[in-house]
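Visitor: Just to be clear, the model below is a prediction. Sequence and coordinates:
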Amino acid sequence: MGIADIDCEAGRALGCRTFCCRLLVRLDQDERVPPDGAQPAKGFIDKDADGWCVHLDRATQRCGIWEKRPRICREYHCNDDMMLQAALQVGCTSIVQLAQTAARMTLPRECFVRVPQKR
């Protein structure tokens, strides 16, 4: 099951605050494209100064490259990520706070809030 199976609209309604768009996205070798041919290709997706993915449309909170998003984004499954639980259950807002809270959380899987799958 991949992120395409997740109902991101429902996740945002639950309060995930699109936290996955703040994670470091490492590109596979075949996805790396040099920006101008003169410099080496980057191994990750750029972030804006505030830590959000440069491809996130701030007005709609949707991915601007959804159909061409990197493999790691297509395969990521938020329901297996303790950081999602920190976002949903504790209400963290910064990626640093999310990581610190998730590292300290003890939460059995049966207590996880689950973002529903698309029907």
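Guide: Yep, it's here.
Visitor: list the contacts for Gln89?
Guide: For Gln89, the contact set (Cβ atoms under 8 Å, 6 or more residues apart in numbering) comprises Met105, Leu107, Val113. Backbone N, C-alpha and C define where each C-beta goes, glycine included.
Visitor: quick one: which of these is nearest to Ile65?
Guide: For the contacts of Gln89, the residue nearest Ile65 by Cβ to Cβ is Val113; the value is 27.5 Å.
Visitor: was I right about that closest one contacting Ala86?
Guide: No: under the criterion of Cβ atoms under 8 Å, Val113 is not in contact with Ala86, lying 10.8 Å apart.
Visitor: Looking at those two, which is more packed in?
Guide: Ala86 (22 against 15; other Cβ atoms under 10 Å).
Visitor: quick one: contacts for that one?
Guide: Residues near Ala86 by Cβ under 8 Å, 6+ apart: Cys92, Gln97, Leu98, Thr101, Ala102, Met105.
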